[in-house]
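# Got a sequence here, can you build the structure:
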Amino acid sequence: MHGIDFMKLALQNARLAAQQGEVPVAALIANSSGEILANTQNRIERDNNPIAHAEMLAIEKAARQKKNWRLNDCDMFVTLEPCAMCAAAIVQARLRRLYFAAFDTKAGAVANGPAIIHNAKNIHAVEVYSGIKESEAQKILLDFFKAVRNKNRYEKVALTKLHKNRTDIISRQSK
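Residues are numbered from 1 along each chain as shown. Next up, the predicted model:
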């Protein structure tokens, strides 16, 4: 398998995350032999766990698989630029390379924001490659958030109608 194939698998997993109500982010870790050690997705909502980001889960799973927390012969493929927490964990896990698809201008911490991975004081240098299958990853994210907004809008309208109906009933009962 090649890097683009790993990213395609991560994007498939991101789509599954969206179907399960999670923000569609997935991370895959492969070793230098091309063996997949972890292929995870966000589980924040399902686990009620604010740190259950795909990257964190992938690092944990790959380290268990290797029986070694040092993942210096491994590469991570993630569908969205990692946040500060995940970027720091990537450095701590000594990952060899990070490949990400879409940029995150709000919460990203690799190419945006604090650019944690590029800090000269880090204990380990991670090679970073960005924009791999970017438009596909962006579309998955945009479609997900559009669906969430439409659902929230529908629920708000339904709640407004319910409230109005209750108000009408209460005013009729008080007459």
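# And the strands in this structure?
26-31, 36-41, 74-80, 97-102, 127-130 (DSSP state E).
# Next, count neighbours for the spatially closest residue to Asp73 that is not a sequence neighbour.
Nearest non-adjacent residue to Asp73, counting by CB to CB, 6 or more residues apart in numbering: Ser32, 4.5 Å away. Where you see a C-beta, it was placed from the backbone N, CA and C, and this is true even at glycine. Counted by other CB atoms under 10 Å, the residues lying close to Ser32 total 11.
# any idea how far Ser32 lies from Glu134?
Here Ser32 is placed at a distance of 25 Å from Glu134 (CB to CB, to the nearest Å).
# Quick one: neighbours of Ser130, just the number.
Ser130 has 15 nearby residues by other CB under 10 Å.
# so it bridges to which residues?
Phe100 (DSSP bridges).
# List the residues that contact the residue sitting nearest the centre point of the chain.
With distances taken as CA atoms, centre = their mean, the chain has Val25 as the residue nearest its mean C-alpha position (2.9 Å). Shown in contact with Val25 (CB atoms under 8 Å, 6 or more residues apart in numbering): Ala14, Ala17, Gln41, Asn42, His53, Ala54, Val78, Thr79, Leu80.
# any idea how far Phe145 is from the residue nearest to Asp73?
In terms of CB to CB, Ser32 sits 36 Å off from Phe145.
# Could you do Ala87 as well?
Distance from Ala87 to Phe145, counting by CB to CB: 22 Å.
# wait, which of the contacts of Val25 is closest to Arg64?
Nearest to Arg64 among those: Ala54, at 15.8 Å, using CB to CB.
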